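Novice: Pasting a predicted model and its sequence here:
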Amino acid sequence: MGLIRRLRVTQRMMERAMLGVSLRNQIRNEEIRRRTRVSDIAHRVAKLKWQWVGHIARRTDGRWGLKVLEWRPPHR
């Protein structure tokens, strides 16, 4: 969660720089997001993560990724 927070802070800083707005202007983050029309980095990261999982799950070349996903521990 710390990494996502840091990414969001960095994204807001970059958006403020794009608009030429400083923190002293006291413009809300929602307003800045509306002006830049940039999507939230946390949503983008989550989407890319699930795309990668799907990519790994669809592989059929015998690598360990699918074997790990389908592995069942022995029942004792």
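Specialist: Cool, the structure landed.
Novice: Give me the neighbour count for Gln11.
Specialist: Neighbour count for Gln11, taken as other Cβ atoms under 10 Å: 19. For glycine as for every other residue, the C-beta is placed from the backbone atoms N, C-alpha and C.
Novice: How about His55?
Specialist: His55 has 10 nearby residues by other Cβ under 10 Å.
Novice: how about it, secondary structure?
Specialist: Recorded secondary structure, His55: helix (DSSP: H, G, I helix; E, B strand; the rest coil).
Novice: Against Ile27, how distant is Glu15?
Specialist: To Ile27, Glu15 is 10 Å away according to Cβ to Cβ, to the nearest Å.
Novice: and the residue nearest to the spatial centre of the chain, what pLDDT?
Specialist: Nearest to the mean C-alpha position of the chain, by Cα atoms, centre = their mean, lies Val45 at 1.4 Å. Val45 is assigned a predicted lDDT (pLDDT) of 92.
Novice: In which helix or strand does Asp61 reside?
Specialist: If you go by DSSP states H and E, Asp61 is not part of any helix or strand.
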